[in-house]
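Enquirer: show me how the following folds:
(chains A and B)
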Amino acid sequence: MNGAFKALAVVIAVAVATHLAVIFAAPYAMMGIAMSRISQHGKVVNAWTFPPRTTERSRAIVRPSPDLAYASCVYDLAKGPVRIKVTPSGDYTSLSIFQANSDNIYAVNDRQAPNGVDLLLVRKDAKLNAPPGVTLVRSPTRRGIILDRRLAPTAEAFAVAVEARKADVCASAGAG
Amino acid sequence: MAVTVGVVLGAGSAVAVLNHAQALGAQAFGGGWTGSMNAGSSSADPYTRAVVARVGLLALRRSETIYFSRALDDRGRPLSSACVYTLSGGSLPARWWSVTIYGNDNYLPVNGDIAESADATRTAKDASGKWTVKVAAQRPEGGDWISSRNAGNFSLTLRLYNPTPAALAHPEAIAFPSLTTKYCGGGAS
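Expert: Sure thing, here's the model as predicted:
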């Protein structure tokens, strides 16, 4: 009886621990899959990727909007800060940053920054200041995803977004 | 043996939570729409974060966008490509809104119709600002349409980009689009 009770206690304790571990780890795992897909298995890091217009064949990220033009950049701060610049395209434009657990740690749109965004993304504990006119954003995790969303519900609007996002910058800013 | 059973039970229950994510971490709002106001937030609890990662990875924080979804019709039945629905609404409290259909796999249904969404810029509105979209497997003779062909049991996601302060403060007061089931499988419903 005592042995059965102990076994039951072990089952419950291990089940609870495993359950919580899976729930905690799931966002990291899903972000890892997304980062791998966007970066083409690590080949394109700290650089924008510009997927074509979202269609029924789009499978990189769940629940994509067919009315938005997306640009994405997988960042890795291992070698220092990353510089990001985005210029609005005349309609809704936003820049958002997601740390490795999927939290949206930063978001700004064209109404808040009508002249565009110029920011330096650094590690949470980095000891440096941003140059004048540049926004400093601290990422709690070394890796994550940066997204540029632009309203593009028609082919014509998508073409405008494609042209505007050519000026986007996502690039390593060197050791910092 | 006990450890193995515990691992299986723990992992299985966690996967079950994620596979029934639509019903978890979500609050019921008006007209059958559900959502989490903590999507994308650093203050989200681990369950909300896991659920959002499963069904809405890279969701924006609420100040930028709020998301609602529904997988049930006006009578509580799963949305189905075998049924015809009308979705009606008026002005929504945001800079831009859209309603998009997703299949059970959380991707756009594969049907070649290129009719996956309705949005504030393309949907026809009457003088009072009211709009109506048919959600059906077959293209209607006229009017706006979201194609459910090949979608099976699907869900609809409502996005409100740059919601108004009032919508953020009282999302339960939003005049959500209403969904009405017209008929299923060729018969009156």
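Enquirer: for the lengthiest helix in chain B, name the packing helices and strands.
Expert: Scanning chain B for the helix with the most residues, using DSSP state H, yields helix B:2-19. The helices and strands touching helix B:2-19, judged by 3 or more Cβ pairs under 8 Å, 6 or more residues apart in numbering or on different chains; DSSP states H and E, are helix A:2-38, helix B:46-56. All C-beta atoms are positioned from the backbone trio N, CA, C, and that covers glycine.
Enquirer: OK, contacts around residue 26?
Expert: Because you didn't say which chain, this covers chain A. B:Ala14, B:Leu18, B:Ala50, B:Ala53, B:Arg54 (Cβ atoms under 8 Å, 6 or more residues apart in numbering or on different chains).
Enquirer: ah, I was thinking of chain B
Expert: Contacts of B:Ala26 (Cβ under 8 Å, 6+ apart): B:Thr34, B:Gly35, B:Ser36, B:Val51, B:Ser69.
Enquirer: so which of these are in strands?
Expert: Residues of the contacts of B:Ala26 located in strands (DSSP state E): B:Thr34, B:Gly35, B:Ser69.
Enquirer: which of the residues you listed sits closest to chain A?
Expert: Checking the ones in strands among the contacts of B:Ala26 against chain A with Cβ to the nearest Cβ, the nearest one is B:Ser69 at 8.8 Å.
Enquirer: tell me the pLDDT at that closest one?
Expert: The per-residue pLDDT reported for B:Ser69 equals 92.
Enquirer: now chain B, which segments are flagged as low pLDDT?
Expert: Along chain B, the model assigns pLDDT under 70 to residues B:20-25, B:40, B:186-189.
Enquirer: could you pull out the strands for it?
Expert: B:27-28, B:34-35, B:65-70, B:83-89, B:94-102, B:117-119, B:131-136, B:144-147, B:155-163, B:178-184, B:187-188.
Enquirer: mean neighbour count and distance to B:Ser43 added to those strands, as CSV?
Expert: Shown next, in CSV, are the strands of chain B (neighbours: other Cβ atoms under 10 Å in any protein chain shown; distance: least, Cβ to Cβ, whole Å):
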stretch, mean neighbour count, distance to B:Ser43
strand B:27-28, 12, 15
strand B:34-35, 20, 16
strand B:65-70, 25, 15
strand B:83-89, 19, 30
strand B:94-102, 22, 22
strand B:117-119, 25, 29
strand B:131-136, 22, 34
strand B:144-147, 20, 33
strand B:155-163, 23, 18
strand B:178-184, 16, 31
strand B:187-188, 6, 47
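Enquirer: for the ones you listed, which one sits closest to A:Pro131?
Expert: A:Pro131 sits nearest to strand B:155-163 of all those, at 29.0 Å, using Cβ to Cβ.
Enquirer: and stretch B:134-153 with chain A, contact?
Expert: No - using Cβ under 8 Å from any Cβ of the partner chain, stretch B:134-153 stays clear of chain A, with a minimum separation of 9.1 Å.
Enquirer: what helix or strand is the residue positioned nearest the centre of chain A on?
Expert: Per Cα atoms, centre = their mean, the C-alpha nearest to the average position across chain A is that of A:Ile145, at 2.0 Å. Assigned by DSSP states H and E, A:Ile145 falls within strand A:143-151.
Enquirer: off-centre distance for that strand?
Expert: 5 Å (Cα atoms, centre = their mean, to the nearest Å).
Enquirer: got the angle between that strand and helix A:2-38?
Expert: Counting by axes from the mean of the first three to the mean of the last three Cα atoms, to 10 degrees, strand A:143-151 lies at 50 degrees to helix A:2-38.
Enquirer: after strand A:143-151, which helix or strand is next?
Expert: Using DSSP H and E, the helix or strand that follows strand A:143-151 towards the C-terminus is helix A:155-165.
Enquirer: is the next helix or strand after that following helix anywhere near chain B?
Expert: For helix A:155-165, the succeeding helix or strand toward the C-terminus, using DSSP H and E, is strand A:169-172. No - shown here: strand A:169-172 not in contact with chain B (Cβ under 8 Å from any Cβ), separated by at least 15.5 Å.
Enquirer: ok, the strand holding A:Ile145: who's next to it in the sheet?
Expert: strand A:68-76 (antiparallel), strand A:93-99 (antiparallel) (DSSP bridges).
Enquirer: turn these into CSV, columns for distance to A:Pro52.
Expert: Converted to CSV, those look like this (distance: least, Cβ to Cβ, whole Å):
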stretch, distance to A:Pro52
strand A:68-76, 9
strand A:93-99, 18
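Enquirer: output the ones you listed as TSV; include the columns mean neighbour count and distance to A:Arg149.
Expert: TSV is the format used below for the strands paired with strand A:143-151 (neighbours: other Cβ under 10 Å; distance: least, Cβ to Cβ, whole Å):
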stretch	mean neighbour count	distance to A:Arg149
strand A:68-76	24	5
strand A:93-99	25	5
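Enquirer: quick one: secondary structure of A:Asp91?
Expert: coil (DSSP: H, G, I helix; E, B strand; the rest coil).
Enquirer: tell me the contacts of A:Ile84?
Expert: Residues near A:Ile84 by Cβ under 8 Å, 6+ apart: A:Cys73, A:Leu95, A:Val117, A:Asp118, A:Leu119, A:Leu120, A:Leu121, A:Ile146, A:Val169, A:Cys170.
Enquirer: 10 Å instead?
Expert: If a contact means Cβ atoms under 10 Å, 6 or more residues apart in numbering or on different chains, then A:Ile84 has A:46, A:48, A:73, A:75, A:95, A:97, A:106, A:117-121, A:134-135, A:137, A:146, A:148, A:168-171, A:173 as its contacts.
Enquirer: what helix or strand is it located in?
Expert: Assigned by DSSP H and E, A:Ile84 falls in strand A:82-86.
Enquirer: how about that strand: buried residues?
Expert: A:Val82, A:Arg83, A:Ile84, A:Val86 (16 or more other Cβ atoms under 10 Å in any protein chain shown).
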